[in-house]
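> Below is the sequence, then the predicted model.
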Amino acid sequence: MTNPILEIKNLNKSFGALKATDDVSITLNAGEIHALIGPNGAGKSTLIKQICGGLSSDSGSVIFNGQDLAGLDVAERAQLGLGRTFQISSVIMEFSALRNVMLAVQANAGTSYRFFKNVRTDKKLVDRAMAILARVELEGRADVSAAELSHGERRQLEIALALALEPKAFLLDEPMAGMGPEGSKRLISFLDGLRKEAPILLIEHDMDAVFSLADRISVLVYGRVVASGTVDEIRNNPAVREAYLGETA
Amino acid sequence: MASLSRETLLNIFLTIGMLALPFVATAIDEPFYITLATRVAILGLAGVGLNLALGTGGLVSFGHAAFFGLGGYAAGILASHALNYTPIMESPFLIEGTNQMLIIWLVAIIVSGIGAYLIGLLSLRTSGVYFIMITLAFAQMIYYFAISWPAYGGEDGLSIYVRNAFPGVNTLDPQGFYFICFALLMAGIWLSATLKNSRFGAALQSARQNEERLSAVGVKPFNIKLTAFVISGMMTGLAGALFADLNRFVSPSMLSWHMSGEIMILVILGGVGRLYGPLAGAIIYIIFEFIFGGMTEHWQFFLGLVLLGVVLFARGGVIGLIAGRARHD
Amino acid sequence: MTAALFFEQLLNGLQFGVTLFLMAAGLTLVFGVMGLINLAHGSLYMVGAFACAAVAAATGSFWLGLVASIVAAAFAGALIEMTVIRRLYNRDHLDQVLATFALILIFSEGCRFIFGSFPLFLDVPAILAGPITLPGGLPYPIYRLSIIVVGGLVALGLYLLIAKTRLGIRIRAGEADREMIAALGVDIRTLYTIVFALGAGLAGFAGALVGALQSVQVGMGEPVLILAFVVIVIGGIGSIKGALIASILVGIVDTLGRVSLPSLFGLFMDPSAANSIGSSLSSMLIYVLMAVVLIFKPEGLVSQNG
């Protein structure tokens, strides 16, 4: 058996008396989509932050491609190939869609300390960014400022920014949130293909998306992984039905 | 070809005006105007430096007088040693004074760059109000140091008896010195435009708008901001060296919090983040000082009122009023 | 340094710290409640000092001057809060800095216009003039000792005000959540004016107290303002307790540093060099202290989020 790309081992984080994540262990293998579901306040956002480096863990470790990420900050983890999207779109509002992606492309190339060449006429940068925009079907909106993009378009831009990093694993935090039914459908089919490039840890509330995409599902309740398995196993797990699905049914 | 924007037209107008000014001043026999214009160019350059940190990077530094003064003292100290034929230090290696502007500028840039690096290293650990207060406090520290350090005049300051020299230009001629300062101002504006449009500039603007996103794509905002802060401090430091040469005098007042405020005011009067904002601001500031300063010794009272008006009602400064809202891309 | 001298300097440091606290308390309160950075706080300090000097000169009573300092600074504070400051609460810090910097220019030149550029002198009242003999036989100026006592009382009063009174509860609620307190039906505009005037009054009071020790002149407020910033950075922004601890720390470190560093360097240098290096470095000491705090506790000694 090959080693997992991303391995989260016994991760803990408490805020005072509240245990936001409680001994969480999750793995992400090459080529798979591992969905992480759970009711609001289950600790999903905290877990994402712990993986990405935005929040230090009380104990436990995150192993990425065989490397322990302890002590690395958000930027260093991103450089190693953790490509994330945010639950609430986080883009550079004054930049056009194109320049947002150009920023990610230059960051991925490690060339943010070039001081003289004008980025607008930097063909390599522009072409690469346009190609990525085309993948998320935003090429027609390349010159529109992020502030003027629609909510759904900004979600697409989020994905484009992650793509530009050519990550070794994707961490997608509710990519479907606020997308219309048509947009969701297209995003599902896009993510379906994306897993071949890099595995995806998918946090999602949209159960249709989760059940159609996930290879494995883990259920987080009150900071603990209460169940983990294939789609069918989770669907039929009585504990899950009670703790989570029962709530939404 | 796209038509020129009003802001570009204004910038061209300002450039031509600044170029023509010394000739006009000579023609109408008002040589003092050249000195005023030189002040405009120098303060404008100091503002261009601050504008890189403040406008492009969103770093509200209230301590840029530190770099302005460090540059000034670099010029004053080197020149005074050159005048007295005494080395600045003999061990571990010999450093002599000099009256060559090119060397002085280099030293001023290096010294203020080191100052900006050290202050930035500490103050950029924080943000917002903390950053403002800390930059202000560190500048005040250098101010007090200059006052209490007796070797270079302490509170009384240090005179530069003969203006330093530049190859091929008579710096004692006001016009000659003006064009040196103007050329450096233009170089500073060019540099800040170039930086803003570069990959570094993209990262810096992102650091201002959304640090979380910048980190998520793998760039450390701290390092980007520190680099910008150092470059910004260097430009303001160079302006300080010129200012010392203009007045042939350096004193702790160049390091005072009031100086920091002045540099910031002219950036704001012109328009934050605008390429020519600091120049426009410096022009207004100097004209204001010249006209109202001639009428009343309390001219700063009116400066306060105008500044208050600009902040409360005319955000975007003068260039904003003329050219309209900034276009973003 | 003898023990007696050390003790005297310790008291001087405490006295300095107490006056810094009077400045820093208002600043940090205004920042904590309204999220505003107010550079013009130093001007209110100056207004207090001038009001005290003018009234004391006119009436011959230092005490009336002292009352006038608080009233005048609080009034000036309320006035600028209602005309300028309240427009700045929702602005970014840059606008706040610029607008309050503009206020400094207006206050300073206004004061110079009224009182001229020459410093005024304020006499310590007869009852507080002269030294008192402390236990242990050390003579110490009564006036300075009174400042320490009064400052301590003000700190206690401020603590009680914030911890125990209705106004204090509202202030704390305002810090926690502006919309919440508005929803509770508290008139937030008036609350802000009161808080601002309270801070202004404290600054004016400090200005009057110090005015009698030094001199009363235009521009006296800003060096103290910057020291108060250092205090706030060290203490942790928005925290009265942090401001108190940091004020006293800064006051004592600065005072003792000025006395002891030159003699410390004198141990291994010739006296004149030791004196100049010692005094230059001691003027930087509190900023070094601030740098150290920033390295180890960037949020300040008393963190608001901890």
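Looks like it arrived, so ask away.

> C-alpha only now, for contacts and for neighbours.
Will do.

> Check which residues of whichever helix or strand B:L214 is part of are buried.
With secondary structure defined by DSSP states H and E, B:L214 is part of helix B:211-216. When burial is assessed from 16 or more other C-alpha atoms under 10 Å in any protein chain shown, helix B:211-216 yields the following buried residues: B:211-216.

> Enumerate every residue touching the residue of chain A found nearest chain B.
When you check chain A against chain B by C-alpha to the nearest C-alpha, the closest residue turns out to be A:A75, at 3.9 Å. For A:A75, the contacting residues are B:214-220, taking C-alpha atoms under 8 Å, 6 or more residues apart in numbering or on different chains as the criterion.

> How far does the helix holding B:L214 sit from its chain's centre?
Computed by C-alpha atoms, centre = their mean, to the nearest Å, the separation of helix B:211-216 from the middle of its chain amounts to 30 Å.

> That helix vs chain A: in contact?
Yes: using C-alpha under 8 Å from any C-alpha of the partner chain, helix B:211-216 comes into contact with chain A via B:212-216.

> model confidence over stretch C:64-80, on average?
Across stretch C:64-80, pLDDT averages out at 96.

> got the contact list for it?
Under C-alpha under 8 Å, 6+ apart, the answer for stretch C:64-80 is C:44-45, C:47-56, C:193-194, C:196-205, C:207-209.

> Make a markdown table from the residues of helix B:211-216 next to chain A and add pLDDT to it.
Compiled in a markdown table, the residues of helix B:211-216 next to chain A are given as follows (pLDDT from 0 to 100):
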| residue | pLDDT |
| --- | --- |
| B:E212 | 95 |
| B:R213 | 96 |
| B:L214 | 97 |
| B:S215 | 96 |
| B:A216 | 96 |
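
> which among these gets closest to chain C?
Each of those was scored against chain C by C-alpha to the nearest C-alpha, and B:E212 proved nearest at 19.2 Å.

> list the contacts for the closest one?
Contacts for B:E212 were tallied using C-alpha under 8 Å, 6+ apart; they are A:S90.

> ranges for the helices of chain B?
Under the criterion DSSP state H, chain B carries helices at the ranges B:6-27, B:32-51, B:65-84, B:101-123, B:128-148, B:174-197, B:199-209, B:211-216, B:221-247, B:257-270, B:277-295, B:299-313, B:317-323.

> which parts of chain A sit against chain B?
Counting by C-alpha under 8 Å from any C-alpha, chain A sits next to chain B at A:74-79, A:83-84, A:90-96, A:99, A:103-104, A:106-108, A:111-120, A:143, A:145, A:161-162, A:165.

> Show only the entries of those found in strands.
A:83-84 (DSSP state E).

> on that earlier part again, can you tell me which of the contacts of A:A75 is closest to B:L70?
Nearest to B:L70 out of the contacts of A:A75 is B:K220 (C-alpha to C-alpha; 28.4 Å).

> Give me the phi and psi for that closest one.
Note on B:K220: its backbone torsions stand at phi -80, psi 110 [degrees, to the nearest 10].

> That one contacts B:R213, doesn't it?
No: B:K220 is not in contact with B:R213 according to C-alpha atoms under 8 Å; the separation is 10.2 Å.

> circling back to that earlier point, out of the contacts of A:A75, flag the one nearest to C:L88.
B:L214 (29.1 Å).

> got the contact list for the closest residue to chain C within the stretch 101-250 of chain B?
Closest contact between the stretch 101-250 of chain B and chain C, by C-alpha to the nearest C-alpha, is at B:S148 (4.9 Å). Counting by C-alpha under 8 Å, 6+ apart, B:S148 makes contact with B:154-155, C:276, C:279-280, C:283.

> ok, 6 Å please
Applying C-alpha atoms under 6 Å, 6 or more residues apart in numbering or on different chains to B:S148 gives the contacts B:154, C:280.

> Now do it, the pLDDT please.
The per-residue pLDDT reported for B:S148 equals 87.

> Quick check: closest non-adjacent residue to C:I171.
Once its chain neighbours are removed from consideration, C:I171 has its nearest residue in C:V33; the separation is 6.6 Å (C-alpha to C-alpha, 6 or more residues apart in numbering or on different chains).

> where's that neighbour relative to C:A40, distance?
Distance, C:V33 to C:A40, using C-alpha to C-alpha, to the nearest Å: 17 Å.

> and these two? which has more neighbours close in?
With other C-alpha atoms under 10 Å in any protein chain shown as the criterion, C:V33 and C:A40 differ in neighbour count, and C:A40 comes out ahead with 27 against 22.

> So the more buried one sits against C:L105, correct?
No: because the distance of 9.0 Å does not satisfy C-alpha atoms under 6 Å, C:A40 is recorded as not touching C:L105.

> Overlap of the contact sets of these two?
Residues touching both C:A40 and C:L105 by C-alpha under 6 Å, 6+ apart: none at all.

> okay, and for chain C, where does confidence drop off?
Across chain C, the stretches falling below the confidence threshold (pLDDT under 70) are C:1, C:174-186, C:303-306.

> Quick check: the residue of chain A nearest chain C.
The nearest approach of chain A to chain C comes at A:G16, 10.4 Å away (C-alpha to the nearest C-alpha).

> In strands only, show me the contacts of stretch C:64-80.
Those of the contacts of stretch C:64-80 lying in strands (DSSP E): none at all.

> circling back to that earlier point, quick check: which of the helices of chain B is nearest to C:F268?
Across those, C:F268 has its closest neighbour in helix B:128-148 (20.3 Å, C-alpha to C-alpha).

> Quick check on A:P4: phi, psi?
Dihedral angles phi and psi of A:P4 (degrees, to the nearest 10) take the values phi -70, psi 150.

> What is the burial count for it?
17.

> Could you check stretch C:244-261 against chain B for contacts?
No: if you take C-alpha under 6 Å from any C-alpha of the partner chain as the test, stretch C:244-261 misses chain B, and the best it gets is 11.5 Å.

> what's around residue 237, how many residues?
Answering for chain A, as no chain was given. By the criterion of other C-alpha under 10 Å, A:N237 has 15 neighbours.

> Can you look at chain B instead?
If we define neighbours as other C-alpha under 10 Å, then B:G237 has 37 of them.

> Contact partners for it?
Remark: with contacts taken as C-alpha under 6 Å, 6+ apart, B:G237 is in contact with B:67-68, B:71, B:108-109, B:112.

> ok, which residues in chain C are in contact with chain B?
Taking C-alpha under 6 Å from any C-alpha as the contact definition, chain C meets chain B at C:99, C:102, C:105-106, C:109, C:229, C:280, C:284.

> Please repeat the previous calculation with a cut-off of 8 Å.
Residues of chain C lying near chain B (C-alpha under 8 Å from any C-alpha): C:37, C:87, C:93-95, C:98-99, C:101-110, C:112-113, C:226-227, C:229-230, C:233, C:276-277, C:279-281, C:283-284, C:287, C:291, C:294-295, C:298.
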